[in-house]
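Undergrad: sequence unknown, structure follows:
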């Protein structure tokens with residue numbers, strides 16, 4: 001059983017990364033539970049957990065941004081897609097990439113990233129805002145879980 005403990009420990013960061021990536025695309029996921037488990041077991045330093053979860057979640061959000069951009073190029077006159085996310089459209093049009101600081105919000109964040117891609121917001125600024133929001137989210141979660 002020692003090999004199983006070693007294998008689980010070595011791959012837990014990649015599991016967190018994958019869970020965070022999936023959680024940030026249109027598919028449901030549970031990176032919060034994986035993060036909570038790893039924080040409570042102290043399997044890795046907190047900074048590693050925050051980094052892996054943030055990178056995975058940011059890449060997932062950029063995948064959703066890219067999906068929105070791709071859809072806009074394929075169906076440029078199809079406003080029905082944007083009608084499904086009226087609040088996200090309003091926020092992104094009003095605040096631009098700054099709205100993506102809230103991409104960490106469940107359900108709403110996916111819509112923000114998708115709409116940002118659809119509206120073709122600048123990728124660099126979108127990436128920066130998404131990254132700041134995701135790192136802030138996982139840092140706050142890690143601190144909260146660690147103190148409970």
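TA: Looks like it arrived, so ask away. The shown structure was predicted, so the numbers you read here are calculated from the model rather than taken from an experiment. Numbering: from 1, shown residues only.
Undergrad: List the residues that contact the most centrally placed residue in the chain.
TA: The residue lying closest to the centre of the chain (C-alpha atoms, centre = their mean) is residue 57, at 3.2 Å. Shown in contact with residue 57 (C-beta atoms under 8 Å, 6 or more residues apart in numbering): 20-21, 23-24, 31, 104, 134, 137-138. In short, each C-beta sits where N, CA and C put it, glycine included.
Undergrad: got the residues you listed as CSV, with distance to residue 50 columns?
TA: Converted to CSV, these look like this (distance: C-beta to C-beta, whole Å):
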residue, distance to residue 50
20, 10
21, 15
23, 15
24, 15
31, 12
104, 13
134, 9
137, 9
138, 5
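Undergrad: Quick one: mark the members of these that sit in helices.
TA: In helices, judged by DSSP state H, the following of the contacts of residue 57 are found: 20-21, 23, 31, 134, 137-138.
Undergrad: and residue 132, what element?
TA: Secondary structure assigned from DSSP states H and E places residue 132 in helix 123-147.
Undergrad: which residues touch that helix?
TA: If you take C-beta under 8 Å, 6+ apart as the criterion, helix 123-147 is touched by 20, 24, 32, 35-36, 39-40, 46, 49-50, 53-54, 57-58, 61-62, 65, 96-104, 109, 113, 116-117.
Undergrad: Can you list the buried residues in it?
TA: Applying a neighbour-count criterion of 16 or more other C-beta atoms under 10 Å, the buried positions in helix 123-147 are 126-127, 129-135, 137-139, 141-142, 145.
Undergrad: State the mean pLDDT of that helix.
TA: Averaged across helix 123-147, the pLDDT comes to 95.
Undergrad: again with stretch 35-47
TA: Mean per-residue pLDDT for stretch 35-47: 91.
Undergrad: residues in contact with that stretch?
TA: By C-beta under 8 Å, 6+ apart, the residues outside stretch 35-47 that reach it are 9, 12-13, 16, 20, 49, 53, 138, 141-142, 145-146.
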